[in-house]
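> dropping a prediction and its sequence here:
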Amino acid sequence: MSGSNVWSRSRERIRRFPELFAQCAGEAAAYGKCVSATTTSRQELRKDLCAKEFEALKTCFANAAKKGVK
């Protein structure tokens, strides 16, 4: 496997991120609100507090990536 091929694939994924993010704006907003609500007063975010919202966002990204956003 050549190094340049790995970097080309990585760059392509990074370029697609804004398009994928736009397709998952609702899920991203819900996750962000959950994180914000659970970290008020400088509390640390604890594992699994926003697991449901994160799973929804992760699923949305995976589905958007499978669709082959152009």
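On my side now, so go ahead.
> CA only for contacts and neighbour counts going forward, please
OK.
> can you list the low-confidence ranges for the protein?
1-4, 68-70 (pLDDT under 70).
> now with 90, please.
1-21, 36-49, 64-70 (pLDDT under 90).
> now do the helices in it.
For the chain, applying DSSP state H gives helices covering 3-23, 25-38, 51-67.
> got those helices as CSV, with distance to Leu45 columns?
CSV is the format used below for the helices of the chain (distance: least, CA to CA, whole Å):
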stretch, distance to Leu45
helix 3-23, 22
helix 25-38, 7
helix 51-67, 11
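> for Glu44, find the nearest of the ones you listed.
helix 25-38 (8.2 Å; CA to CA).
> relative to helix 51-67, how tilted is that closest one?
Inter-element angle recorded for helix 25-38 and helix 51-67: 160 degrees (by axes from the mean of the first three to the mean of the last three CA atoms, to 10 degrees).
> can you show me the CA trace of helix 25-38 as CSV?
Presented in CSV, the C-alpha positions along helix 25-38 are these (Å, rounded to 0.1, in the frame of the first residue of the first chain):
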residue,chain,number,x,y,z
ALA,A,25,-27.6,19.0,11.3
GLY,A,26,-30.5,17.9,13.4
GLU,A,27,-28.6,15.1,15.0
ALA,A,28,-25.5,17.2,15.6
ALA,A,29,-27.6,20.0,17.2
ALA,A,30,-29.3,17.4,19.5
TYR,A,31,-25.9,16.0,20.5
GLY,A,32,-24.5,19.5,21.1
LYS,A,33,-27.4,20.5,23.2
CYS,A,34,-27.0,17.4,25.3
VAL,A,35,-23.3,18.0,25.8
SER,A,36,-23.9,21.6,26.7
ALA,A,37,-26.7,20.8,29.1
THR,A,38,-24.7,18.1,30.9
